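In: Provide a 3D model corresponding to the input given below.
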Amino acid sequence: MILLRRLALASLVANVVIVITGGAVRLTGSGLGCPTWPRCTDTSYVATPAMGGHGAIEFGNRTLGGLVGLIAIVTLLAAARQRPRRPVAVRLAALVLAGVLAQGLLGGITVWTGLNPWLVAGHFLLSMAVLAAAYALWDRVRRPTGEPGPALPPAVRTLAGALVAVAALVLTLGTVVTGSGPHAGDPDTPRMGFDPETAAQLHADGVFLLVGLSIATWFAVRAVGAPRPAGHAAAVLVGVELGQGVVGFVQYAMHLPALVVGLHMAGACAVWLATLAVAARLWTGRRHAGRQDTGEAVEPVSPRPRRRSPRSARASRPARRT
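Out: All right, here's what the predicted structure looks like:
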């Protein structure tokens, strides 16, 4: 179990790192450093010295993607060999591996299309989906089997669902801002065609909504008396969002310097993971006043014996000898 827990954490960290390095590829204009795929050039699978720094950066990101896939394979094998086997962990590990493979294929198609901005946006959003699966796997294997969760009102669980949905919307709007901005990954790459200021304003509106929901979740968790980890996760989420908001305003005021944009991408991963942490602590709880579903067998309740009347009791007594 310890090995699987460590592998799940390694897979989660690796998927965060690949997002950040993928952002570095785009921010340094190295998106077409390797102009083809799966080869780096028509005659070589690796970058050549003649390709310069752009080729090295792009090939380095591809190499890291292979490492992420290797970790996903080892994690799946460890989950399948775990005894007793936990089917949910196996399915999540398989989902992470499938997502990593799909990322590689989508990345190749993105290169073939000359960094189409819509495909670049899809590439990032698929990374967020893989991150969600990797986090779910890590959260599953680090908790004891059958650990009961707190009883929470349905409204709190619904609020957690809304939190995840709005966070996903904010990430999607962020890709629209990126696809309309200057950091395309290559000077000749077309943009989405939206007004960058309008896209940035919509993104900011989504962020305000997300922060408001996060604060409401924190108050709701405290109001229903949820365990301390849930309240701590909600507080961490609000703090991460505020930090990410500061970085966002700084990058907008400074006209999108590459380094600050890179920090903003790392912050997006942090916000997404913090949101998933809150949802995990609220969704795994039992439904309020409902049936517990801990996976444990429930002993049947013996029927209550019927109370016999005094007359029937006298009738059932044996006759007294005279």
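
In: Look up how far residue 110 lies from residue 123.
Out: Residue 123 is 6 Å from residue 110, where distance means C-beta to C-beta, to the nearest Å. Every residue, glycine included, has its C-beta placed from N, CA and C.

In: for the helix or strand harbouring residue 53, the distance to its chain's centre please.
Out: If you go by DSSP states H and E, residue 53 is part of helix 52-81. From the chain centre to the centre of helix 52-81 is a distance of 18 Å (C-alpha atoms, centre = their mean, to the nearest Å).

In: And it, what does it pack against?
Out: In this structure, helix 52-81 packs against helix 2-27, helix 87-112, helix 117-141, with contacts taken as 3 or more C-beta pairs under 8 Å, 6 or more residues apart in numbering; DSSP states H and E.

In: give me the number of residues near residue 249?
Out: As a burial measure, the neighbour count of residue 249 was computed by other C-beta atoms under 10 Å and equals 11.

In: Now the helix or strand where it lies: buried residues?
Out: Following DSSP H and E, the helix or strand that holds residue 249 is helix 228-253. By 16 or more other C-beta atoms under 10 Å, the buried positions in helix 228-253 come out as 230-231, 233-238, 240-241, 244-245, 247-248, 251-252.

In: Point out where the protein drops to low pLDDT.
Out: Applying pLDDT under 70 to the predicted model, the residue ranges of the chain that meet it are 144-151, 284-322.

In: Pick out the residue nearest the middle of it.
Out: The centre of the chain sits closest to residue 132, judged by C-alpha atoms, centre = their mean, with a distance of 2.1 Å.

In: isn't that residue right up against residue 276?
Out: Yes - with contact defined as C-beta atoms under 8 Å, residue 132 counts as touching residue 276 (6.0 Å).

In: so how far is the helix holding residue 249 off the chain centroid?
Out: Worked out by C-alpha atoms, centre = their mean, helix 228-253 lies 16 Å from the chain centre.

In: list the helices and strands it packs on?
Out: For helix 228-253, the elements it packs on are helix 196-223, helix 258-283, judged by 3+ C-beta pairs under 8 Å, 6+ apart.

In: mind putting those in JSON lines, distance to residue 4 and mean neighbour count included?
Out: Formatted as JSON lines, those follow (distance: least, C-beta to C-beta, whole Å; neighbours: other C-beta atoms under 10 Å):
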{"stretch": "helix 196-223", "distance to residue 4": "30", "mean neighbour count": "17"}
{"stretch": "helix 258-283", "distance to residue 4": "18", "mean neighbour count": "20"}
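
In: what are the bridge partners for residue 152, then?
Out: Beta-bridge pairing of residue 152 under DSSP bridges involves residue 287.

In: give the contact list for residue 32.
Out: For residue 32, the contacting residues are 54, 58, 111, 114-115, 185-186, taking C-beta atoms under 8 Å, 6 or more residues apart in numbering as the criterion.

In: Format those as TSV; extra columns: distance to residue 72 and neighbour count.
Out: Rendered in TSV, the data for the contacts of residue 32 read as follows (distance: C-beta to C-beta, whole Å; neighbours: other C-beta atoms under 10 Å):
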residue	distance to residue 72	neighbour count
54	28	19
58	21	26
111	21	22
114	28	15
115	25	20
185	25	24
186	29	15
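
In: Looking at the residues you listed, which one is closest to residue 156?
Out: Of all the contacts of residue 32, residue 185 has the smallest distance to residue 156: 41.4 Å, by C-beta to C-beta.

In: Surely the closest one is in contact with residue 30?
Out: Yes - the pair formed by residue 185 and residue 30 meets the contact definition of C-beta under 8 Å, at 7.3 Å.
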